[in-house]
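Chemist: when you get a sec, could you give me coordinates for this:
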Amino acid sequence: MESADIIELKHSNNVNLGDISPSHRVAIIGAGCGDVELLTLKAARLISSADALIYDSLVSEDILDLASNECEMHFAGKRCGKPSAKQDDINQLLVACAKRGLKVVRLKGGDPNVFGRGCEEAIFLAKHGIKSQFVPGITAALGCAASAGIPLTHRGVARSVTLVTGTVIDDSTRSGAGWQALLTAQSTLVFYMGKEQAAHIAHGLLTAGANIKLPMVFISSGARVEQKLSFATLGTMAEVANQLHVSGPTLMIVGEVVSVGQELAELINQVENSKNNVISSDKEMSESA
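Modeler: Predicted structure coming up:
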């Protein structure tokens with residue numbers, strides 16, 4: 001589906017979702033995991049009607065193309081280890097654009113309130129007399145797991161999901177009790193931006209009593225054409241992380257659900273191979289006749 005096609009989609013109840021209300025000058029929107037088709041209809045309409053778009057580095061070009069030619073485009077990306085926009089500067093830019101009377105869209109990868117600082121920016125705006133609204137996006141845990149065919153919960157295997165930022169390991173998590181808490185309730189663990197901390201995460205979980213053979217997977221550039229899956233266990237994940245050289249964002253899923261996803265992939269491959277064999281057999285019979 002082309003970007004233009006999304007703008008043309010109509011809401012069944014004819015509710016106008018394509019404009020920022022007069023009382024809300026800023027829409028803080030989640031762009032999802034990269035695939036333009038995973039963007040919500042409301043987000044697509046708001047982006048297409050924006051006067052100013054302030055966007056992060058993980059937002060795909062297809063989504064940016066939804067903005068009009070007259071829309072001001074402001075890059076405000078942050079990437080680990082690379083020159084990044086300062087949060088204070090982003091806050092000031094949001095206020096400045098809103099006070100000029102522009103319809104402002106703050107566009108973030110994933111969901112704006114899952115490690116996205118969306119509420120921080122909304123609070124800053126409110127303190128300057130500016131109302132904002134949130135539009136949810138498909139966060140990386142959901143999008144990457146779905147595109148990889150891995151269930152985050154599965155009956156008898158995992159009954160909860162814990163989302164953890166891997167970029168900052170605080171004092172509570174460094175303690176044994178902190179890691180132990182992550183292992184409770186048969187929870188699938190999803191680490192955002194944790195590849196560089198893979199060795200520390202593995203050590204913490206193993207020290208807390210996790211099985212060294214517990215499966216895990218690195219999902220790089222999830223829900224995108226260049227998606228890459230790298231499977232490991234807690235015992236090998238540090239080594240696999242060191243050998244993983246990718247430019248896109250990498251998500252880590254730790255838990256028995258990874259094995260469930262691998263089982264599903266094997267079954268699907270068997271179905272595809274069976275169909276291919278049938279097609280080949282039919283072709284040979286047709287040629288021999």
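Chemist: what ranges do the strands span in this protein?
Modeler: In the chain, the strands defined using DSSP state E lie at 26-30, 52-55, 72-75, 104-108, 132-135, 160-165, 187-192, 215-220, 228-233, 250-254.
Chemist: could you dump the third one to CSV, C-alpha only?
Modeler: To tie it back to what came earlier, the one meant is strand 72-75. Output of strand 72-75 as CSV, limited to C-alpha atoms (Å, rounded to 0.1, in the frame of the first residue of the first chain):
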residue,chain,number,x,y,z
GLU,A,72,7.9,22.1,8.1
MET,A,73,10.2,19.1,8.7
HIS,A,74,12.3,19.1,11.8
PHE,A,75,14.6,16.2,12.5
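Chemist: could you list the buried residues of it?
Modeler: For strand 72-75, a neighbour-count test (16 or more other Cβ atoms under 10 Å) marks His74 as buried. Every C-beta, even on glycine, is put in place using the N, C-alpha and C of the backbone.
Chemist: distance between it and the chain's centre?
Modeler: Offset of strand 72-75 from its chain centre (Cα atoms, centre = their mean, to the nearest Å): 22 Å.
Chemist: mind listing the helices for the stretch 1-150 of the chain?
Modeler: 3-8, 41-48, 61-64, 87-99, 118-127, 140-148 (DSSP state H, counting those that start in this stretch).
Chemist: in CSV: those, plus distance to Phe218 and mean neighbour count.
Modeler: Shown next, in CSV, are the helices of the stretch 1-150 of the chain (distance: least, Cβ to Cβ, whole Å; neighbours: other Cβ atoms under 10 Å):
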stretch, distance to Phe218, mean neighbour count
helix 3-8, 30, 14
helix 41-48, 28, 22
helix 61-64, 24, 17
helix 87-99, 28, 17
helix 118-127, 26, 17
helix 140-148, 10, 23
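Chemist: tabulate those (TSV), appending distance to Met73 and mean pLDDT.
Modeler: Output for those, formatted as TSV (distance: least, Cβ to Cβ, whole Å; pLDDT from 0 to 100):
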stretch	distance to Met73	mean pLDDT
helix 3-8	15	60
helix 41-48	11	96
helix 61-64	7	95
helix 87-99	12	96
helix 118-127	18	97
helix 140-148	24	96
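Chemist: for Ala208, which of the ones you listed is the nearest?
Modeler: Nearest of the helices of the stretch 1-150 of the chain to Ala208, taken as Cβ to Cβ: helix 140-148 at 21.2 Å.
Chemist: for that closest one, C-alpha coordinates in PDB please.
Modeler: Extracted in PDB, the C-alpha atoms of helix 140-148 (Å, rounded to 0.1, in the frame of the first residue of the first chain):
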ATOM      1  CA  ALA A 140       8.600  -2.500  19.200                       C
ATOM      2  CA  ALA A 141       7.800  -5.400  21.500                       C
ATOM      3  CA  LEU A 142       4.500  -6.100  19.700                       C
ATOM      4  CA  GLY A 143       5.600  -5.300  16.200                       C
ATOM      5  CA  CYS A 144       8.900  -7.200  16.300                       C
ATOM      6  CA  ALA A 145       7.500 -10.200  18.000                       C
ATOM      7  CA  ALA A 146       4.600 -10.400  15.500                       C
ATOM      8  CA  SER A 147       6.900 -10.000  12.500                       C
ATOM      9  CA  ALA A 148       9.200 -12.700  13.900                       C
END
